[in-house]
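Peer 1: here is a sequence together with a model predicted from it:
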Amino acid sequence: MKAYLRSSEEFQKVYRLGKRYDGTLMSAFVLPNKLSHNRLGVTASRKALGKAVQRNRAKRLLKETFRLQSSLDRLQNKYDWVINAKRRLASQKVTAAIADFGSLVSRVAETESNGRE
């Protein structure tokens, strides 16, 4: 199921209460939700990426990465994800983004298994 975080309040709640995970191409803020599915919010700032063309490409890459990520099924809980694009993302292929996001998901799974959620 494709569900997105839409409002500023939803984004702010994830930033405020969620846990941050940094990758080489993106940062993810993750907050457990009580829903039956994961939800996604994507940001690509002008400061990090510059022109609208670069920001839009980064957002498309992040959405596609999330859509293709089967490793989310390994997680015990469902989460609200806010993913922030870093400068290097716009010049990468989707395979690099998938690998980087996969490592973030693995770290979230590790946090879950250690009971620190």
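Peer 2: It's in.

Peer 1: pretty sure residue 88 contacts residue 25?
Peer 2: Yes: under the criterion of CB atoms under 8 Å, residue 88 is in contact with residue 25, at a separation of 5.6 Å. All C-beta atoms are positioned from the backbone trio N, CA, C, and that covers glycine.

Peer 1: more crowded one of those two?
Peer 2: Taking neighbours as other CB atoms under 10 Å, residue 88 and residue 25 compare with residue 25 leading, 23 against 15.

Peer 1: which parts of the longest helix along the chain are buried?
Peer 2: Counting residues, the longest helix found in the chain (DSSP state H) is helix 94-113. Residues of helix 94-113 classed as buried under the neighbour-count rule (16 or more other CB atoms under 10 Å) are 96, 97, 98, 100, 101, 102, 104, 105, 107, 108, 109, 112.

Peer 1: between these, which is closest to residue 17?
Peer 2: Using CB to CB, the shortest approach to residue 17 within the buried residues of helix 94-113 belongs to residue 108, at 14.9 Å.

Peer 1: next, residue 114: phi, psi?
Peer 2: Taking degrees, to the nearest 10, you get phi -80, psi 0 for the backbone angles of residue 114.

Peer 1: what pLDDT does the residue nearest the centre of the chain get?
Peer 2: Against the mean C-alpha coordinate of the chain, by CA atoms, centre = their mean, the closest residue is residue 83 at 3.3 Å. Per-residue confidence at residue 83 stands at 95 (pLDDT).

Peer 1: report the secondary structure state of it.
Peer 2: strand (DSSP: H, G, I helix; E, B strand; the rest coil).

Peer 1: please name the residues that touch residue 44.
Peer 2: Residue 44 makes contact with 54, 55, 56, 58, 59, 62, 84, 85, 89 under the criterion CB atoms under 8 Å, 6 or more residues apart in numbering.
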